[in-house]
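Peer 1: prediction below, plus the sequence it came from.
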Amino acid sequence: MKTLTYIKKENLNTFLEELNKDYDVFLPVQNRENGTINFESLDTVNDNNVVNLKEKTRKSPKSLFFPPTENLFEFEYIKDIKTPDIMEIKLSESEEMIPDKINSRKNIIFGIKPCDVMALKCLDLVFGEGEKKDPQYIMKRENTIIISIGCSNIFPDCFCTSVGGNHFYFDHSDIGLIDMGPNLVIFKSSERDDIKELLDKNHEFFEERDINSDEEIKIKKIISESEKKCSSNWESVNAEDIALDMERKFSEEEMWKNITRKCISCAACTYVCPTCVCFNIGDEQSGMKGERYKCWDFCTNYYYTLEASGHNPRENIYQRYRNKINCKYNYFYKRNKNLYCVGCGRCIDVCPVGMDIREIVKHVRSSQK
Amino acid sequence: MEKFEKLNLEEINAFWDLQFGKCIRCYACRNICPLEICRDKCIAQLDVPHWQSQKINSAEGKFFQLIRVFHLAGRCTECGECERVCPANIQIMKLMKKVNKDVLKLFNYRPGYNLDEKPPLLTFKNVEKNIKEEELI
């Protein structure tokens, strides 16, 4: 690094307001009353809702790309009284989705942490690749600029380094910032035209000068300390080993029953997880009109594998939880050579009964029959 | 509670719309509740009969939470677990306390205090002592 380009934190608010004129800016906002932090639009910031870039958000930013509910299309049954035995179906684009298509403003997601960016990489593998791609996801993804801030402080439930991540993973971000106290330093910035345009247009907020040796050392130190593993229980980062262990221990039913006894089959962990994207498709009809929607589903649910016959292959919670763990640490790895967990720790934070996925994976791997 | 009850209908409605708008239908509240043994048979998740959609939005969240309150009226012992586990920090206990207050006023009954007492909403009396039917119409 030869030059240091940075923005003073005291100018951050004005910078974001300026960005909000041309883009739709989303960032972590904390509600003063109940303390929860979630990604919201900059427009919601007021006396009661303040920006908080330090702590983790409760829910992941996946809602911006994979919303909890989305209409796929609308349908209408049309009958003509002259030919009552013929029924036509008219399909049309959902009115809800049209604003997305005609909205020419790009989105900016600011202050997203490296674990969540790694999760977007996982989501790209699900929705953005292969023969069938999700057009709504791709549209949102291509329309969003990612400005990430590396993690200078980590939390007790973080374990990104155990699953191949690190606190300054900027590969899939458009702009990567490092917190250096009073300033946010641009560590990485994409060569894409729209990113250059963003920085050029707002150059008055940034200062640039030659980096001095002290600062160079400081940055190197911040990054090398990120090599230090999070406080977690895993020694090996080898994903292949984890997947093989999961496979070997699959049929140890008593073990699985013991470690999943606490689970109450709710969706808390699934819904806050940045990589979980199982969904349901349903139709809502009123009279002759209706819409087909996609909404979040959760695999710990009893209804997840309930078949129309009444048979349920995963009738018990241990079978569903075993599936969840294998999906994240085995099946997805086999298919994509990528673990489906980014170590953000939100599931550990939110679980009503204190299930700790690190403990569970460790227990499964080290269990003796 | 008194301060809350003094608010007018619009303010109360606005408050609850905001609260229920946060509901993501994770069912943590329902599944942790010691009284809700219906988790694998909940009407909120049935397609047939179709009481509600699986969509996750403010209207559906409101419907689910209100059904839940009525389902627990006269049974909730105010353990507070529902509010503790809610990932969206919805103030569920406010609603439960209000319902229990109404149950106390109407039936002179507090859930869980006396094992010999029959829960009023699980029994049927032709004429209830504190409900003047003429006044309801």
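Peer 2: Now that the structure is in, tell me what you want to look at. Numbering: from 1, shown residues only, chains lettered A, B, ... in the order given.
Peer 1: show me where chain A has strands.
Peer 2: For chain A, strands defined by DSSP state E occupy the ranges A:3-8, A:24-31, A:37-41, A:49-51, A:69-80, A:83-93, A:107-112, A:144-149, A:175-180, A:183-189, A:206-210, A:279-286, A:289-296.
Peer 1: quick check, the longest one touching chain B?
Peer 2: Same thing as strand A:69-80. Yes - against chain B, strand A:69-80 shows contacts by Cβ under 8 Å from any Cβ of the partner chain at residue A:69. Backbone N, C-alpha and C define where each C-beta goes, glycine included.
Peer 1: what's that strand packed up against?
Peer 2: Strand A:69-80 sits against strand A:83-93, strand A:289-296, with contacts defined as 3 or more Cβ pairs under 8 Å, 6 or more residues apart in numbering or on different chains; DSSP states H and E.
Peer 1: now these as JSON lines including distance to chain B?
Peer 2: Written out in JSON lines, the entries for the helices and strands packed on strand A:69-80 read as follows (distance: least, Cβ to the nearest Cβ, whole Å):
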{"stretch": "strand A:83-93", "distance to chain B": "18"}
{"stretch": "strand A:289-296", "distance to chain B": "5"}
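Peer 1: highest mean neighbour count out of these?
Peer 2: Of all the helices and strands packed on strand A:69-80, strand A:289-296 carries the top mean neighbour count, a mean of 19, counting by mean count of other Cβ atoms under 10 Å in any protein chain shown.
Peer 1: what's that strand packed up against?
Peer 2: Looks like strand A:289-296 contacts strand A:69-80, strand A:279-286 (3+ Cβ pairs under 8 Å, 6+ apart).
Peer 1: give me that answer again for 10 Å
Peer 2: Strand A:289-296 is packed against strand A:69-80, strand A:83-93, strand A:279-286, with contacts defined by 3 or more Cβ pairs under 10 Å, 6 or more residues apart in numbering or on different chains; DSSP states H and E.
Peer 1: now these in CSV, with distance to residue A:248 and mean pLDDT?
Peer 2: Listed next are the helices and strands packed on strand A:289-296 as CSV, based on distance: least, Cβ to Cβ, whole Å; pLDDT from 0 to 100:
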stretch, distance to residue A:248, mean pLDDT
strand A:69-80, 39, 93
strand A:83-93, 48, 90
strand A:279-286, 31, 93
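Peer 1: could you dump the helices and strands packed on strand A:69-80 to JSON lines with distance to residue A:306?
Peer 2: Formatted as JSON lines, these follow (distance: least, Cβ to Cβ, whole Å):
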{"stretch": "strand A:83-93", "distance to residue A:306": "28"}
{"stretch": "strand A:289-296", "distance to residue A:306": "17"}
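Peer 1: tell me which of the ones you listed lies nearest to residue A:201.
Peer 2: strand A:83-93 (33.2 Å; Cβ to Cβ).
Peer 1: strand A:289-296 and that closest one, what's the angle between them?
Peer 2: 40 degrees (axes from the mean of the first three to the mean of the last three Cα atoms, to 10 degrees).
Peer 1: follow-up on the earlier one: select, out of the strands of chain A, the one closest to residue A:244.
Peer 2: With Cβ to Cβ as the measure, strand A:279-286 is the member of these nearest residue A:244 (29.3 Å).
Peer 1: what pairs with that closest one, and is each one parallel or antiparallel?
Peer 2: The strands beside strand A:279-286 in its sheet (DSSP bridges) come out as strand A:289-296 (antiparallel).
Peer 1: and the strand it pairs with, how far out from the chain middle?
Peer 2: The chain centroid and the centroid of strand A:289-296 are separated by 23 Å under Cα atoms, centre = their mean, to the nearest Å.
Peer 1: pLDDT on that strand, on average?
Peer 2: For strand A:289-296, the mean per-residue pLDDT is 94.
Peer 1: how about stretch B:15-34?
Peer 2: What stretch B:15-34 shows for mean pLDDT is 93.
Peer 1: repeat for stretch A:4-14
Peer 2: Taken as a whole, stretch A:4-14 carries a mean pLDDT of 91.
Peer 1: in it, what's buried?
Peer 2: Buried residues in stretch A:4-14, counting neighbours by 16 or more other Cβ atoms under 10 Å in any protein chain shown, are found at A:4, A:5, A:6, A:7, A:11, A:12.
Peer 1: once you drop chain neighbours, what's closest to residue B:51?
Peer 2: Nearest residue to residue B:51, sequence neighbours excluded (Cβ to Cβ, 6 or more residues apart in numbering or on different chains): residue B:43, at 4.6 Å.
Peer 1: so the one you found sits right up against residue B:70, yeah?
Peer 2: No - the pair residue B:43 and residue B:70 does not pass the contact test of Cβ atoms under 10 Å, sitting 11.6 Å apart.
Peer 1: what about those two, which has more around it?
Peer 2: residue B:43 (13 against 10; other Cβ atoms under 10 Å in any protein chain shown).
Peer 1: what sits against that one?
Peer 2: Residues in contact with residue B:43, defined by Cβ atoms under 10 Å, 6 or more residues apart in numbering or on different chains, are B:49, B:50, B:51, B:52, B:64, B:67, B:71.
Peer 1: ok, and the most crowded of these?
Peer 2: For the contacts of residue B:43, neighbours were counted using other Cβ under 10 Å, and residue B:64 has the most, 23 neighbours in all.
Peer 1: the helix or strand harbouring that residue: how far from the chain's middle?
Peer 2: In the assignment (DSSP states H and E), residue B:64 maps to helix B:58-72. On the basis of Cα atoms, centre = their mean, helix B:58-72 sits 7 Å off its chain's mean C-alpha point.
Peer 1: same question, stretch B:72-80
Peer 2: Averaging C-alpha positions (Cα atoms, centre = their mean) puts stretch B:72-80 8 Å from its chain's average.
Peer 1: with only the CA atoms kept, save it in PDB.
Peer 2: Included here for stretch B:72-80 are C-alpha records, laid out as PDB according to Å, rounded to 0.1, in the frame of the first residue of the first chain:
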ATOM      1  CA  LEU B  72     -53.600 -18.400  25.800                       C
ATOM      2  CA  ALA B  73     -56.300 -16.300  27.500                       C
ATOM      3  CA  GLY B  74     -57.000 -17.800  30.900                       C
ATOM      4  CA  ARG B  75     -54.000 -20.100  30.600                       C
ATOM      5  CA  CYS B  76     -50.900 -17.900  30.500                       C
ATOM      6  CA  THR B  77     -49.000 -18.000  33.700                       C
ATOM      7  CA  GLU B  78     -46.800 -15.000  32.700                       C
ATOM      8  CA  CYS B  79     -43.500 -16.900  32.800                       C
ATOM      9  CA  GLY B  80     -42.200 -14.400  30.300                       C
END
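Peer 1: please tell me how far the residue nearest to residue B:51 sits from chain A.
Peer 2: Counting by Cβ to the nearest Cβ, to the nearest Å, the separation of residue B:43 from chain A is 12 Å.
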